[in-house]
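Visitor: below is the sequence, then the predicted model.
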Amino acid sequence: MIFCGTQLLPGEQKPAAVPVPGAAPLTAFCFCGKKPGKTLVVTAGVHGCEYVGIQALRRLAQELDPETLSGSVVLLPLANPSAFYAGSKQVVPEDGLNLNRAFPGNPEGSLSARLAWALEAALYPAADFLLDLHGGDWNEALEPLVFVPAGGTPAVNQAAEKAAQVLAVPYQVPSQARNGLYSWAVQQNIPSLLLERGGRGAWSEGEVQDACRDVRALLQHLAILPGRVQPQIQRKLCRASYVEAEAPGFWQPVKSPGATISQGELLGKLETLTGSLLQEVRAQYDGVILYQTVALGVRKGESLLAYGQ
């Protein structure tokens, strides 16, 4: 196995530097299995305050044993280091852009574009399957879920959906996104998933253990780790709606993530400082709240909530 110029022999594990034009390299942890097989690439920290996935990959980097693997694993716990250390929600602080909207990247662009370019250049050629770990940022609460691609080829979509079934989350959500780390990989014919777990800028031991179990289950599904894994009970949503703030204001949600909702039901209100109504959000159909902003103050265009059916 050779990753970013680092050579690993069967049964070896080594860190590897992922070069980023004009910036410090990212760190990946590579595991070359004793036996041949597929390669799983797992990323986290695209958004710097989504901590559960970051902690899970740090732990797995210490726990995985290449002697037990049939194939290879690449773990990249911190895709957006400056956002992590600055506590910057959802964006790269140097340019104020969302890294998960920056694909495909540009080696001569702003830092977000250069990070996206570097991640694609290093990770995509290595990956038979890619899993991107996310969660609610410090201003977001969510119900654990997995985004499943709907915009790839039938073969890629089917491979991703089958793999998603082994993850211990209650919801599968179809996505037509194309400009994120996992969704751009789908456009390059790499089966990929985006797993959401945790929120409010926090992490817990239980959530980290759940995320580690999900990665191990996917490794078993791909026959990289030994053992059989059973499909989980999940609700497959057929559609999702994403609501943004129409103006800056005071956001007051009525429901919580995981709550069932009925068509026409009030989900939240956006008000001015003096209490005048700016925006009323009502459910367009029966469904479930997937995630929502818990911050009181929001900017125009900022996400308020998502729900699906």
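Guide: Nice, I can see it.

Visitor: next secondary structure element downstream of the helix ranked longest in the chain?
Guide: For the chain, the longest helix by residue count, based on DSSP state H, is helix 205-221. Remark: after helix 205-221, the chain's next helix or strand is strand 235-236, criterion DSSP states H and E.

Visitor: tell me what that following strand is packed against?
Guide: Packing partners of strand 235-236 (3 or more C-beta pairs under 8 Å, 6 or more residues apart in numbering; DSSP states H and E): strand 171-175. Glycine gets a C-beta too; all of them are placed from N, C-alpha and C.

Visitor: what sits against Pro15?
Guide: The neighbours of Pro15, taking C-beta atoms under 8 Å, 6 or more residues apart in numbering as the test, are Thr6, Thr27, Ala28, Phe29, Cys30.

Visitor: the strands in the stretch 151-300 of the chain, which residues?
Guide: Assigned by DSSP state E, counting those that start in this stretch, the stretch 151-300 of the chain shows strands spanning 171-175, 192-196, 235-236, 240-244, 249-253, 260-261, 266-271, 277-282, 287-293, 297-298.

Visitor: so what's Gln55 closest to, chain neighbours aside?
Guide: In space, and not counting its chain neighbours, Gln55 is closest to Val208: 4.7 Å by C-beta to C-beta, 6 or more residues apart in numbering.

Visitor: ok, the one you found to Ile233 distance?
Guide: Noted for Val208: a distance of 22 Å to Ile233, by C-beta to C-beta, to the nearest Å.

Visitor: number of nearby residues for Pro154?
Guide: By the criterion of other C-beta atoms under 10 Å, Pro154 has 7 neighbours.

Visitor: list the contacts of the nearest residue to Gly264 once chain neighbours are set aside.
Guide: Closest residue to Gly264 apart from its sequence neighbours, by C-beta to C-beta, 6+ apart: Arg282 at 5.7 Å. Neighbouring residues of Arg282 by C-beta under 8 Å, 6+ apart: Gly264, Glu265, Leu266, Leu267.

Visitor: my guess is the last one contacts Thr293, does it?
Guide: Yep, that's Leu267 we're talking about. No - when contacts are counted by C-beta atoms under 8 Å, Leu267 is not listed as touching Thr293 (11.7 Å).

Visitor: the two: which is more packed in?
Guide: Neighbour totals were compared for Leu267 and Thr293, and Thr293 leads with 23 against 20 (other C-beta under 10 Å).

Visitor: give the contact list for that one.
Guide: Applying C-beta under 8 Å, 6+ apart to Thr293 gives the contacts Asn139, Glu140, Trp251, Pro253, Glu302, Ser303, Leu304, Leu305.

Visitor: nearest to Ala16, of these?
Guide: Comparing those against Ala16 with C-beta to C-beta places Glu140 closest, at 31.4 Å.

Visitor: residue contacts, that closest one?
Guide: With contact taken as C-beta under 8 Å, 6+ apart, Glu140 is in contact with Gly199, Arg200, Tyr291, Gln292, Thr293, Val294, Ser303.

Visitor: could you redo the last one with a cut-off of 7 Å?
Guide: Shown in contact with Glu140 (C-beta atoms under 7 Å, 6 or more residues apart in numbering): Gly199, Tyr291, Thr293, Val294.

Visitor: go on, Phe103?
Guide: Going by C-beta under 7 Å, 6+ apart, Phe103 touches Ala116, Glu120, Asn179, Gly180, Leu181, Trp184.

Visitor: rerun at 8 Å
Guide: Neighbours of Phe103 in contact, by C-beta under 8 Å, 6+ apart: Ala116, Glu120, Asn179, Gly180, Leu181, Ser183, Trp184.

Visitor: how about Leu57?
Guide: Contacts of Leu57 were listed using C-beta under 8 Å, 6+ apart, and they are Phe29, Val42, Thr43, Ala44, Leu75, Leu76, Pro77, Leu133, Val215.
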